[in-house]
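Asker: Kindly generate the corresponding structure for this input.
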Amino acid sequence: MAKHPHHFACQSCGASYRKWQGRCDECNEWNSITEEAALTSGTPKGLGGKRGRAVSLVGLEQTIDSPERLTSGIAEFDRATGGGLVAGSALLIGGDPGIGKSTLLLQAVAALASKGHDCVYISGEEASAQIQMRAARLGLGQSPMRLGAATSLRDILTTLDESKPPEILVIDSIQTVFADSLDSAPGTVAQVRACAAELISFAKRRGTIMLIVGHVTKDGQIAGPRVLEHMVDTVLYFEGERGHQFRILRSVKNRYGGTDEIGVFEMTGQGLSEVANPSQLFLSDRASDVAGSAVFAGIEGTRPVLVEIQALVASSSAANPRRAVVGWDSGRLAMVLAVLDARCGLGLSSSDIYLNVAGGLKVGEPAADLAVAAALVSSLSGVAVPPETVIFGEISLSGDVRPVAQADARLKEAAKLGFSKALVPANTKSGGNHLKLESCARLHALVERFALDGS
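Answerer: All right, here's what the predicted structure looks like:
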């Protein structure tokens with residue numbers, strides 16, 4: 001009997017090797033390479049003489065009906081998915097253990113089932129009785145959705161093919177599903193890739209909306225091969241800090257909507273409740289007279305969000321001062337500190353720097369540069385930023401403050417929350433929001449504004 005060929009694959013990034021080695025050359029992870037059976041016993045050298053099926057081709061000018069979306073009624077979930085779920089689409093939801101992925105999907109699918117949609121929830125991590133207990137605790141015990149507990153891909157597909165395919169299918173999680181045609185263990189690169197391909201093929205063929213839960217690595221990336229994110233139509237990350245009750249559902253890929261859209265939830269004893277106005281919630285516990293705090297007006301997808309940026313500058317006698325950053329890019333902080341040192345002469349290189357984005361939100365846009373600089377200068381001088389002032393702007397290496405996109409939406413959100421002043425880049429227009437704009441063309445003006453007179 002011929003032996004099945006084997007190869008070695010990295011369980012973090014999916015890179016393939018002919019022999020085992022300690023560290024993966026692609027992702028630099030140690031001890032992540034394991035032996036797996038190949039997907040096929042050989043590679044076909046040709047297609048032979050059999051003809052395939054002709055593919056129908058359409059022109060750009062032909063009218064095609066836009067896909068109909070199913071809305072769950074949970075506004076924050078629908079916002080993150082681009083306005084609703086599209087028939088035949090596959091969505092991948094990743095997040096840290098215990099962050100609330102299963103709770104979110106259970107609430108969303110229960111809401112869809114209550115509207116008359118046929119929904120099936122298959123779990124490989126919990127028994128059906130455990131899901132029923134959680135549903136009862138969340139007040140969803142009367143939802144007409146159907147539950148199942150299975151890990152075999154063959155059993156799952158056989159069950160779904162016995163009757164009319166469901167409109168919505170949840171697989172929780174893809175790392176627990178295995179195909180018996182492969183020798184590797186569940187959760188390995190080969191198993192995740194093969195099982196996801198079969199499930200997505202079923203969804204496309206039968207028009208089922210498939211929601212797939214994926215585990216994440218210690219770096220926050222979805223575990224398994226990177227090709228998994230390319231196979232699905234939408235990739236959502238469920239983020240949040242364990243010490244905060246806020247949860248962020250962030251879209252990083254969406255073939256049917258915009259990316260970088262977020263939905264904000266609050267974890268309560270009755271499950272996840274949506275937050276209609278996240279800016280007000282993020283600023284609810286803000287102290288107005290503390291130095292080192294600045295309010296940043298950011299944009300998350302299409303939504304303006306105001307968050308508090310906190311900074312602490314402390315003297316240090318160590319040879320390598322500490323830099324601790326939560327919720328922002330540490331490389332971006334290093335750049336802002338270098339500009340403040342080189343262009344403004346503040347001498348922050350010998351101080352310990354601590355930076356935090358309040359509320360557990362992760363800010364990624366460079367428009368937060370000016371607010372971070374204001375918080376740093378305020379902490380250094382002890383002069384508090386006026387509580388009625390909102391700040392945004394991008395800092396260049398020359399010390400100039402560059403304009404940012406969607407300034408009008410940022411100012412409109414600030415005016416709605418009661419702010420009366422805005423420190424913005426030069427040539428920014430108010431757009432009729434009745435805010436007093438203070439232009440800041442260079443970083444020197446910011447330092448003089450908060451470090452010297454504090455007016």
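Asker: going forward, measure contacts between C-alpha atoms and count neighbours the same way
Answerer: OK.
Asker: quick one: low-confidence parts of this structure?
Answerer: Applying pLDDT under 70 to the chain flags residues 1-6, 37-49, 64-67, 218-220, 223-225, 242-243, 431-432, 451-455.
Asker: Give me the longest strand you can find in it.
Answerer: Counting residues, the longest strand found in the chain (DSSP state E) is strand 303-315.
Asker: how about that strand: buried residues?
Answerer: 303-313 (16 or more other CA atoms under 10 Å).
Asker: try stretch 328-335
Answerer: 328, 332-333.
Asker: sorry, back to before: sheet-wise, list the partners of the longest strand of the chain with their directions.
Answerer: strand 293-300 (antiparallel), strand 351-357 (antiparallel) (DSSP bridges).
Asker: Only the C-alpha atoms, please, for it, written as CSV.
Answerer: What follows is strand 303-315 as a C-alpha-only set of coordinates in CSV (Å, rounded to 0.1, in the frame of the first residue of the first chain):
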residue,chain,number,x,y,z
ARG,A,303,-18.9,57.1,12.2
PRO,A,304,-17.2,59.9,14.2
VAL,A,305,-16.1,58.8,17.6
LEU,A,306,-14.7,61.1,20.4
VAL,A,307,-12.4,59.4,22.9
GLU,A,308,-10.1,60.6,25.7
ILE,A,309,-6.3,60.2,25.2
GLN,A,310,-4.4,60.1,28.5
ALA,A,311,-0.6,60.7,28.8
LEU,A,312,1.8,60.7,31.7
VAL,A,313,5.3,62.0,31.5
ALA,A,314,7.4,60.9,34.5
SER,A,315,11.1,61.5,35.2
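Asker: ok, residue 187 - contacts?
Answerer: 174-178, 224 (CA atoms under 8 Å, 6 or more residues apart in numbering).
Asker: err, residue 358, not the other one
Answerer: Contacts of residue 358 (CA under 8 Å, 6+ apart): 282, 307-310.
Asker: same check, this time on residue 125
Answerer: Per CA under 8 Å, 6+ apart, neighbours of residue 125: 149, 172-173, 176.
Asker: In helices only, show me the contacts of residue 187.
Answerer: In helices, judged by DSSP state H, none of these are found.
Asker: Need these in CSV (columns: distance to residue 155 and neighbour count).
Answerer: Shown next, in CSV, are those (distance: CA to CA, whole Å; neighbours: other CA atoms under 10 Å):
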residue, distance to residue 155, neighbour count
174, 14, 27
175, 16, 26
176, 13, 23
177, 10, 26
178, 10, 25
224, 22, 26
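Asker: so which of those residues comes closest to residue 156?
Answerer: Among the contacts of residue 187, residue 177 lies closest to residue 156 (CA to CA), at 9.2 Å.
Asker: in the stretch 201-350 of the chain, which spans are strands?
Answerer: Residue ranges of the strands in the stretch 201-350 of the chain, as given by DSSP state E, counting those that start in this stretch, are 209-214, 234-239, 246-254, 262-268, 271-274, 293-300, 303-315, 323-326.
Asker: Most tightly packed of these?
Answerer: strand 293-300 (a mean of 26; mean count of other CA atoms under 10 Å).
Asker: As CSV, the buried residues of stretch 328-335 with distance to residue 101 would be great.
Answerer: Converted to CSV, the buried residues of stretch 328-335 look like this (distance: CA to CA, whole Å):
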residue, distance to residue 101
328, 23
332, 30
333, 31
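Asker: Take these and keep only those in helices.
Answerer: Per DSSP H, the buried residues of stretch 328-335 map to helices at 332-333.
Asker: Understood, closing this out.
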